[in-house]
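Colleague: no FASTA, just this:
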Ligand code: IPE
Ligand code: IPE
Ligand code: MG
């Protein structure tokens, strides 16, 4: 086994890691402002910490890491900002895909790829196809993703199956429904992290976060690194997850 660059600190129990971590990477704009830089540079800084975060999740044995990169609502930003974000998607995959593939990471895109410009769609589809058979960390990137749109899409897919006689309405249970989400086959989200101190979901993984533990670190996303991730995992491990039951 290769050595782990950032081993877990003693306060994190390696036997009780979250299986699925989801991250709302928020605060790039405020980071740029704070550093008197253009917003595009804030977004760029917000991709520079990604490599270590992804690598560490893979090294410590997290099964799934889901990153919110671009929401269906983010189209409401200026054309310049949207273009900068779209360019970063291309740059990220060009620079990272070889190492991710070599680390056995499987890439899955959550969201409506058909609504993206051609080059971005192509790069994302290629990354998914190239890593489809990998068996390590599942790296899920939400691009042009909206939680409500995902739920509506699942309902439509199921309705079509009923209409064509493939299933009955009664056969639609939670497992069938979850099977039509972009996250089909992944474990439920255990830990949801949103950086920058904001405390809302912003249309992210509405179904999948039903029993997630939420942690809201104060750091702006470009200032969030592996030690901060480990602190969030320690916080997760300090919580009592009751799932509606009663603690013994
Ligand atoms: C999050 O940073 C990145 C994306 C939404 C793509 P923001 O750009 O939302 O940063 P703030 O919230 O303005 O600081
Ligand atoms: C959520 O952050 C989307 C991403 C991080 C990609 P936003 O900054 O867009 O969310 P709001 O506008 O604060 O709710
Ligand atoms: Mg924001």
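Modeller: Here it is on my side, so go on. In this text, all values refer to a predicted model and were calculated from it rather than measured experimentally. Ligands and ions are numbered 1, 2, ... in the order given.
Colleague: Around ligand 1, which positions in the chain sit nearby?
Modeller: Within the chain, the positions near ligand 1 by C-beta under 6 Å from any ligand atom are 25-30, 70, 74, 85, 196. In this view, the C-beta of every residue, glycine as well, is placed from N, C-alpha and C.
Colleague: Surely residue 38 and residue 28 touch.
Modeller: No - counting by C-beta atoms under 8 Å, residue 28 is not a contact partner of residue 38; they are 11.1 Å apart.
Colleague: The two: who's more crowded?
Modeller: residue 28 (24 against 14; other C-beta atoms under 10 Å).
Colleague: I figured the more buried one hits residue 223, correct?
Modeller: No - contact between residue 28 and residue 223 fails when scored by C-beta under 8 Å: they sit 10.4 Å apart.
Colleague: per-residue confidence for residue 78?
Modeller: In this model, residue 78 is scored at 98, pLDDT.
Colleague: How many neighbouring residues does it have?
Modeller: Residues near residue 78, counting by other C-beta under 10 Å, number 9.
Colleague: how close does it sit to residue 29?
Modeller: 11 Å (C-beta to C-beta, to the nearest Å).
Colleague: For the chain, which residue gets nearest to ligand 1?
Modeller: residue 29 (2.4 Å; C-beta to the nearest ligand atom).
Colleague: Is that residue in a helix, a strand, or coil?
Modeller: Following DSSP: H, G, I helix; E, B strand; the rest coil, residue 29 is assigned to helix.
Colleague: Could I get the full set of helices for the protein?
Modeller: For the chain, helices defined by DSSP state H occupy the ranges 28-34, 39-48, 50-60, 79-102, 118-131, 147-163, 174-178, 226-237.
Colleague: For residue 137, which of these is the nearest?
Modeller: Comparing those against residue 137 with C-beta to C-beta, the closest turns out to be helix 50-60 (4.1 Å).
Colleague: Sort out which residues of the closest one are buried, please.
Modeller: 50, 53-60 (16 or more other C-beta atoms under 10 Å).
Colleague: Which pair of the residues you listed spans the longest distance?
Modeller: 50 and 60 (16.0 Å).
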